[in-house]
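Trainee: Could you work out the structure for the sequence below:
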Amino acid sequence: MSDHWVQLTFKGNLLMRNLFWQFTVLVIVINALLMAVGYPGALWSLVILAPIILLGIHDVFQTRHSILRNFPVLGHFRFFFEEIRPEIHQYFVESDTGGVPFNRQQRTVVYQRAKNVRDTLPFGTERDVYEIGYEWVNHSITARYLDAEDIRMTVGGPDCKQPYSASILNISAMSYGALSQNAIRSLNLGAKLGNFYHNTGEGGISPYHLQGGDLTWQIGTGYFGCRTRDGEFNPETFQMRAQTPSVKMIEVKLSQGAKPGHGGILPAAKLTREIAEIRDVPMGHDVLSPPGHKSFSTPKGLIEFVTQLRELSEGKPIGFKLCVGKRREFLAVCRAMVETGVTPDFITVDGGEGGTGAAPLEFTNTIGAPLTESLIFVHNALVGCNLRDRIRIICSGKVTTGFDIIKRLALGADLCSAARAMMMAVGCIQAQKCNTNECPVGVATTNPMLMKGLVPADKSQRVYNFHRNTERSVCEMMGAMGLENAEDLRPWHVMRRVSTSEIRNYSELYEFLEPGVLLKNPPESYARAWNAASAESF
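Mentor: Modelled structure (predicted):
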């Protein structure tokens with residue numbers, strides 16, 4: 001900035017302060033004169049002007065905000081417009097396809113399907129089909145009809161005694177505390193209506209999860225709901241709760257896409273006495289899950305923990321969730337599976353683009369592999385170790401439409417789960433205030449006044465509608481592709497524009513391994529990580 005502008009800005013600041021003092025003195029003098037002559041309106045003017053003057057005096061003498069000291073009263077407009085900027089941008093500035101993390105078109109289709117209203121588009125696509133990165137699937141002349149029952153998947157490997165028939169779309173992990181009790185109720189009631197599962201999140205099983213919907217109980221590093229007072233895993237408590245009839249599967253959370261290696265965060269502002277009792281944690285502090293597990297520290301230890309949980313739960317499907325980081329570490333787990341002969345029943349893959357209620361900027365933006373690369377890698381690793389037919393892959397990360405599901409299944413997933421889309425079905429407007437306890441629609445808050453705006457009887461129906469209509473779109477798309485079931489989907493079904501004149505399918509863009517190749521002759525792209533992997537150490 002030039003000296004000239006510095007001088008002008010300095011003079012402007014002095015001018016605003018001087019104007020404020022001159023205005024204050026003028027108001028006092030005029031009102032004193034009016035009161036002296038007995039004019040009754042003087043008191044009414046003070047009712048309006050006195051609060052403004054007092055606010056200005058406070059601004060000038062406070063030391064926290066420079067802009068308020070330099071621009072008393074007027075400086076507050078800067079903070080006001082900063083506060084409402086996201087809403088202005090979302091509703092008046094962004095295009096239908098340009099918003100993030102979910103654009104208007106993605107949000108709208110969720111709302112339409114949740115409300116069971118028209119979700120069709122007139123006059124053609126708004127997407128630039130010649131833009132690099134545009135993706136689609138090719139249809140078939142021999143189109144067919146598919147029903148939702150045709151695309152359900154059974155989860156349960158050879159060691160599982162209570163396999164579970166899962167929907168192709170389910171509710172991803174969101175804890176009570178991160179979400180309100182009314183939001184949890186709505187999600188679980190919707191899962192009951194639609195016959196799909198609801199992941200509890202690492203916060204444990206609350207009374208609001210027990211509305212009749214199927215549950216996947218997530219066990220995080222804090223062992224909430226099955227922990228000792230000092231934060232260790234408690235087998236007795238786990239065994240008792242794992243035998244709850246609505247608990248159909250159990251998931252060990254190693255990491256999540258939005259903040260891998262960080263551990264969960266429940267701000268103290270959202271911690272109620274009830275949540276503290278459910279999680280067995282003290283009041284008045286942020287609830288921070290440890291970054292890693294205490295129950296195991298090696299790949300074989302993880303497999304032994306899976307075995308322990310399977311025995312304690314009397315054979316229910318056991319899996320683990322992770323965001324892919326160091327490839328060697330996941331391959332080490334694969335080595336442990338091969339050496340022990342024990343496998344989980346499912347693995348949930350979370351992409352680095354996943355959402356959360358609270359995470360540091362650096363973790364959200366720059367840690368963790370994106371879902372596409374993660375999904376392909378995990379699928380390849382299991383195929384290359386001859387383990388793929390024993391383990392289901394569940395993926396989560398920005399699933400809002402039938403195409404999102406089709407793409408993930410084609411790249412290696414068996415099932416999908418969604419968190420933010422389900423929140424939008426409940427009423428989330430992407431206000432992005434999840435970490436403040438000020439969610440305006442009562443979804444991501446424990447504030448009783450805000451929570452009252454969310455009525456489970458209505459919102460649970462919307463969750464059911466969104467699931468049913470999205471599942472129907474998957475069936476319609478697969479039918480248009482001429483496929484009979486989800487297991488027929490392959491990487492070559494998804495096309496991607498890589499230049500204005502070149503198109504590739506995913507089998508041409510990415511490497512897909514042959515069965516057992518890692519055990520025999522690892523390809524160069526995997527050899528270094530595979531050779532460095534050990535079942536004895538991460």
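Trainee: CA only for contacts and neighbour counts going forward, please
Mentor: Noted.
Trainee: if I look at Val247, how far off is Val426?
Mentor: Going from Val247 to Val426 by C-alpha to C-alpha, to the nearest Å gives 22 Å.
Trainee: Quick one, grab the pLDDT at Leu8.
Mentor: Leu8 carries a pLDDT value of 44.
Trainee: thinking again about what came up before, for Val247 and Val426, work out which one has more neighbours and name it.
Mentor: Neighbours per residue (other C-alpha atoms under 10 Å) separate Val247 from Val426, with Val426 holding more: 32 against 23.
Trainee: For the more buried one, give me its contacts.
Mentor: Listed by C-alpha atoms under 8 Å, 6 or more residues apart in numbering, the contact set of Val426 reads 183, 186-187, 443, 459-460, 462-463.
Trainee: Now the terminal residues of stretch 415-423, how far apart.
Mentor: 19 Å.
Trainee: Can you give me the buried ones in it?
Mentor: Within stretch 415-423, the residues scored as buried using 16 or more other C-alpha atoms under 10 Å are 415-423.
Trainee: any chance of these in CSV, plus pLDDT and secondary structure?
Mentor: Shown next, in CSV, are the buried residues of stretch 415-423 (pLDDT from 0 to 100; DSSP: H, G, I helix; E, B strand; the rest coil):
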residue, pLDDT, secondary structure
Leu415, 96, strand
Cys416, 96, strand
Ser417, 95, strand
Ala418, 94, strand
Ala419, 93, coil
Arg420, 92, helix
Ala421, 93, helix
Met422, 95, helix
Met423, 94, helix
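Trainee: what two of those have the greatest distance between them?
Mentor: With C-alpha to C-alpha as the measure, no two of the buried residues of stretch 415-423 lie farther apart than Leu415 and Met423, at 18.9 Å.
Trainee: before we move on, the earlier item: list just the nearest of the contacts of Val426 to Arg152.
Mentor: Distances from Arg152 to the contacts of Val426, taken by C-alpha to C-alpha, are shortest for Val463, at 18.4 Å.
Trainee: Packing partners of the strand or helix carrying the closest one?
Mentor: Element membership for Val463, per DSSP states H and E: helix 456-480. Counting contacts by 3 or more C-alpha pairs under 8 Å, 6 or more residues apart in numbering; DSSP states H and E, helix 456-480 packs against helix 104-115, strand 169-171, helix 181-194, helix 402-410, helix 420-426.
Trainee: Same list, these, but as TSV with distance to Leu254 please.
Mentor: Converted to TSV, the helices and strands packed on helix 456-480 look like this (distance: least, C-alpha to C-alpha, whole Å):
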stretch	distance to Leu254
helix 104-115	29
strand 169-171	18
helix 181-194	23
helix 402-410	21
helix 420-426	20
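Trainee: nearest residue to Thr154 other than its sequence neighbours?
Mentor: What sits nearest to Thr154 in space, not counting adjacent residues and going by C-alpha to C-alpha, 6 or more residues apart in numbering, is Ser165, at 4.3 Å.
Trainee: oh sorry, the question was meant for Gln243
Mentor: Distances taken as C-alpha to C-alpha, 6+ apart place Ser313 nearest to Gln243, at 6.0 Å, with adjacent residues excluded.
Trainee: Could you look up the SS state of the spatially most central residue of the chain?
Mentor: With distances taken as C-alpha atoms, centre = their mean, the residue of the chain nearest its centroid is Gly355 (3.0 Å). At Gly355 the chain is in coil, as set by DSSP: H, G, I helix; E, B strand; the rest coil.
Trainee: can you tell me which residues contact it?
Mentor: Per C-alpha under 8 Å, 6+ apart, neighbours of Gly355: 257-258, 397, 419-420.
Trainee: got the domain boundaries for the chain?
Mentor: As assigned by automatic domain parsing, the chain contains the domains 3-79, 136-512.
Trainee: Which other helices and strands does the strand or helix carrying Trp217 contact?
Mentor: Here Trp217 sits within strand 214-219, counting by DSSP H and E. Secondary-structure packing of strand 214-219 (3+ C-alpha pairs under 8 Å, 6+ apart): helix 181-194, strand 197-199, strand 247-253.
Trainee: So what's the predicted local confidence for the residue nearest to Thr154?
Mentor: 97.
Trainee: right, and the helices and strands packed on helix 456-480 - which one's nearest Ala535?
Mentor: With C-alpha to C-alpha as the criterion, Ala535 lies closest to helix 402-410 of these, at 28.7 Å.
Trainee: which residues touch the closest one?
Mentor: In this structure, residues lying in contact with helix 402-410 by C-alpha under 8 Å, 6+ apart are 169, 372, 375, 395, 398-399, 415-416, 470-471, 473-474, 477-478, 486-487, 489-494.
Trainee: Tell me the buried residues in that helix?
Mentor: By 16+ other C-alpha under 10 Å, the buried positions in helix 402-410 come out as 402-403, 405-410.
Trainee: pLDDT and distance to Pro291 added to the residues you listed, as CSV?
Mentor: Output for the buried residues of helix 402-410, formatted as CSV (pLDDT from 0 to 100; distance: C-alpha to C-alpha, whole Å):
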residue, pLDDT, distance to Pro291
Gly402, 95, 34
Phe403, 96, 34
Ile405, 96, 30
Ile406, 96, 33
Lys407, 96, 31
Arg408, 96, 28
Leu409, 97, 30
Ala410, 96, 32
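Trainee: Next secondary structure after the strand holding Trp217?
Mentor: Following strand 214-219 in sequence order, the next helix or strand is helix 235-242 (DSSP H and E).
Trainee: what's the angle between that following helix and strand 247-253?
Mentor: Angle between the axes of helix 235-242 and strand 247-253 is 130 degrees (criterion: axes from the mean of the first three to the mean of the last three C-alpha atoms, to 10 degrees).
Trainee: on contacts alone, who are the packing partners of helix 235-242?
Mentor: Here helix 235-242 touches helix 299-312, going by 3+ C-alpha pairs under 8 Å, 6+ apart.
Trainee: For the helix it packs on, give the mean pLDDT please.
Mentor: Per-residue pLDDT over helix 299-312 has a mean of 97.
Trainee: which residues touch it?
Mentor: 160, 235, 238-239, 242, 295-296, 316-319, 332-333, 336-337, 340, 342-344, 534-538.
Trainee: filter those residues to the buried ones?
Mentor: 160, 238-239, 242, 316-319, 332-333, 336-337, 342-344, 534-535, 538.
Trainee: So which of those residues are in helices?
Mentor: Judged by DSSP state H, helices contain the following of these: 238-239, 242, 332-333, 336-337.
Trainee: low-scoring stretches of the stretch 301-450 of the chain, by residue?
Mentor: Along the stretch 301-450 of the chain, segments meeting pLDDT under 70 span 357-358.
Trainee: One more pass at 80, please.
Mentor: Residue ranges of the stretch 301-450 of the chain with pLDDT under 80: 353-361, 363-364, 366.
Trainee: do the same with the stretch 51-200 of the chain
Mentor: Applying pLDDT under 80 to the stretch 51-200 of the chain flags the ranges 79, 81-100, 121.
Trainee: can you map out the helices along it?
Mentor: With DSSP state H, counting those that start in this stretch as the criterion, the stretch 51-200 of the chain has helices at 66-70, 75-88, 104-115, 181-194.
Trainee: deepest of those helices, which one?
Mentor: Most buried of those by mean neighbour count (mean count of other C-alpha atoms under 10 Å) is helix 181-194; its value is a mean of 26.
Trainee: Relative to the whole chain's centre, how far out is it?
Mentor: For helix 181-194, the gap between its own C-alpha mean and the chain's C-alpha mean amounts to 17 Å (C-alpha atoms, centre = their mean, to the nearest Å).
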